[in-house]
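Q: Got a predicted model here, sequence first, then my questions.
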Amino acid sequence: MNFYVVGVGPGDPDLITLAALRTLREAGLIVVPLSAPGKESEAERIVRRHLPDAPILQIVFPMVRDEARRDAELRAQLETCRGRWKSVPSVVMPVIGDSALYATAFWLAKAWSQLTDVQLQLVPGVSAHSLACCLTGQFLAMGDDVFSVIPGTAAEERITEALRACDCAALYKPSALKGRLREIVASAGPWRQVIRVDRAGLDGQKIVSGPEALDEASEYLSTLLLWR
């Protein structure tokens, strides 16, 4: 089975690529990730905008750090719906942002490969930090600038180390740091400019700059941009 992971952009349906659309149109089945039963999928929303009659299968991704448990739950779901995919030559999973960067499809591909022969192929998409920076009307990195992409879910010491080593950065999921965000960022400064973009390309998009950008954030789909 060919398993395509397709980046559909950060949320704005207009930012999906022609290559992504072509792959989705040719899919025998489109698998979309849900964070919990009954939740809406931003990736599915984008697909439905362009392909309202697409053949879609929803898979719930266990939001746990226990890798063995996550794999087991994904395999169980795939076994349950085996009839939907076992004879399909091409399955596509759309993911928000870029297919190769923090994509949940990694875990599904791993679980799926334990059940059948999977040929993995990636189709790139626009990353959240690219849109977030464009919304500010500024260039993110220039010349010899060292640019870092850092997950807010990493250990605090690793985040601090990465921030200290770069000239500019995109910190994904700053909400994970809660009230520690301001102290961690300040400890790796000084910073010339700090901007937080919430829900880039989605309803409720918000851009916050200056000290307020380091206030404790509750929005999961958020990117913090920093320039030294």
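A: Received, thanks.
Q: quick one, helices of the protein?
A: Secondary structure of the chain (DSSP state H): helices located at 18-25, 42-50, 67-80, 82-85, 105-113, 128-136, 156-164, 181-187.
Q: Dump the ones you listed into CSV; add mean pLDDT and distance to Gly7 as well.
A: All C-beta spots, glycine's among them, are computed from the backbone N, C-alpha and C. Converted to CSV, the helices of the chain look like this (pLDDT from 0 to 100; distance: least, C-beta to C-beta, whole Å):
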stretch, mean pLDDT, distance to Gly7
helix 18-25, 96, 7
helix 42-50, 93, 9
helix 67-80, 89, 20
helix 82-85, 90, 21
helix 105-113, 90, 10
helix 128-136, 94, 10
helix 156-164, 97, 23
helix 181-187, 96, 27
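Q: Of these, give the one that comes closest to Tyr172.
A: Nearest to Tyr172 among the helices of the chain is helix 128-136 (7.1 Å), distances taken as C-beta to C-beta.
Q: tell me what that closest one is packed against?
A: strand 168-172, strand 193-198, strand 206-209, strand 222-227 (3 or more C-beta pairs under 8 Å, 6 or more residues apart in numbering; DSSP states H and E).
Q: redo that, cut-off 7 Å
A: strand 193-198, strand 222-227 (3 or more C-beta pairs under 7 Å, 6 or more residues apart in numbering; DSSP states H and E).
Q: so that helix versus strand 168-172, what angle?
A: Angle of helix 128-136 versus strand 168-172, following axes from the mean of the first three to the mean of the last three C-alpha atoms, to 10 degrees, is 120 degrees.
Q: who touches helix 128-136?
A: Residues from elsewhere that reach helix 128-136, judged by C-beta atoms under 7 Å, 6 or more residues apart in numbering: 10, 15, 97, 140, 149, 170, 195, 197, 200-201, 207, 223, 225.
Q: Check which residues of it are buried.
A: The neighbour-count check on helix 128-136 (16 or more other C-beta atoms under 10 Å) flags Ala128, His129, Ser130, Leu131, Ala132, Cys133, Cys134, Leu135 as buried.
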